[in-house]
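Engineer: Below: sequence and its predicted model.
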Amino acid sequence: MTGTVTSLWRHPIKSHGHESLDDVTLTPGQTMPGDRVWAIAHEASKTDGSEWAPCSNFSRCAKAPQLMAISAQLQGDSVTLQHPDRPPLSFQPDTQQDAFLDWVKPLMPADRAASARIVRVPGRGMTDSDFPSISLCNMASHRAVEQKLGRDLSIKRWRGNIWFDGLALWEEFDWLGRDIRIGEAVFHIRECITRCMATTANPETGERDADTLGALNSWDHQNFGVYAEVLEGGTIQTGDKVQVL
């Protein structure tokens with residue numbers, strides 16, 4: 001059985017905005033181009049951008065749900081951010097850090113470490129995984145969570161890169177350790193994605209409003225989607241087939 005790619009997403013600044021794509025060209029061993037290029041280190045973090053660091057070093061939606069309602073558009077070295085409670089901001093993360101820190105400050109909870117600086121590791125997207133990953137998510141699994149909660153949910157809650165449909169509920173977990181082809185690219189499936197409080201926040205409002213973790217735990221796990229490593233590069237676009245090799 002094969003699935004079909006339904007949507008492609010990147011997140012130029014980790015935990016700060018999502019952007020839909022029609023197609024993407026992948027490189028072996030790399031994250032999706034333009035995905036998590038930058039991350040926002042908080043005032044308690046010691047990371048300096050010289051190497052990858054765990055997500056606990058950064059401002060993120062799990063601790064600051066209002067960040068979930070940010071949308072982003074990446075054009076060259078510039079990012080445009082939008083949020084329902086803030087004016088649009090277009091800036092260059094590498095050179096205009098202060099403009100961003102002023103913009104995001106009202107969205108951060110007072111009892112959390114404040115956002116302090118923008119970091120970037122050249123050639124390495126700041127994924128949650130300790131290897132350059134691309135996340136794959138199953139629409140059948142998403143619909144099962146919706147059914148469990150009795151309401152519609154935006155797929156943006158899961159902050160996935162490649163979404164597909166036409167396969168069985170949780171079938172993606174059977175891919176662990178296997179290779180799959182999507183469009184021109186080949187992936188090795190390495191890990192399930194264990195979910196956190198970020199997914200409880202509404203991507204339209206930034207308010208926590210759904211017990212997504214409780215729904216997942218009803219299946220005796222807290223996973224949604226899988227982390228994949230790119231083995232063979234190439235172009236992927238919506239409508240491409242997803243096939244286990």
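Structural biologist: Now that the structure is in, tell me what you want to look at.
Engineer: max-length helix in the protein?
Structural biologist: In the chain, with assignment by DSSP state H, the single longest helix is helix 139-149.
Engineer: Indicate each strand paired with whichever helix or strand comes after it and its parallel or antiparallel sense.
Structural biologist: Going down the chain from helix 139-149, the next helix or strand is strand 162-165, by DSSP states H and E. Sheet pairing of strand 162-165 (DSSP bridges) gives strand 3-10 (antiparallel), strand 134-138 (parallel).
Engineer: which other residues reach strand 162-165?
Structural biologist: Strand 162-165 is contacted from outside by 3-9, 134-140, 155, 182, 236, 242, using C-beta atoms under 8 Å, 6 or more residues apart in numbering. For every residue, glycine as well, the C-beta is placed using N, CA and C.
Engineer: which of the residues in that strand are buried?
Structural biologist: Neighbour-count burial for strand 162-165 flags 162-164 (criterion: 16 or more other C-beta atoms under 10 Å).
Engineer: Let me see the mean pLDDT of it.
Structural biologist: What strand 162-165 shows for mean pLDDT is 98.
Engineer: C-alpha coordinates for that strand, CSV please?
Structural biologist: What follows is strand 162-165, C-alpha atoms only, in CSV (Å, rounded to 0.1, in the frame of the first residue of the first chain):
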residue,chain,number,x,y,z
ILE,A,162,5.9,16.0,5.4
TRP,A,163,2.3,15.0,5.8
PHE,A,164,0.8,12.0,3.9
ASP,A,165,-2.6,10.2,3.6
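Engineer: Which pLDDT value goes with the closest residue to V119 other than its chain neighbours?
Structural biologist: Using C-beta to C-beta, 6 or more residues apart in numbering and skipping the chain neighbours, the partner closest in space to V119 is G49 (3.5 Å). Per-residue confidence (pLDDT) for G49: 86.
Engineer: again, but for the one 5 residues further on
Structural biologist: Here, the pLDDT recorded for P54 equals 94.
Engineer: Could you list the low-confidence segments of this structure?
Structural biologist: Within the chain, not a single segment meets pLDDT under 70.
Engineer: per the record, what domains does this structure have?
Structural biologist: 3-31+129-244, 39-119 (automatic domain parsing).
Engineer: ranking these by burial, who's on top?
Structural biologist: domain 3-31+129-244 (a mean of 18; mean count of other C-beta atoms under 10 Å).
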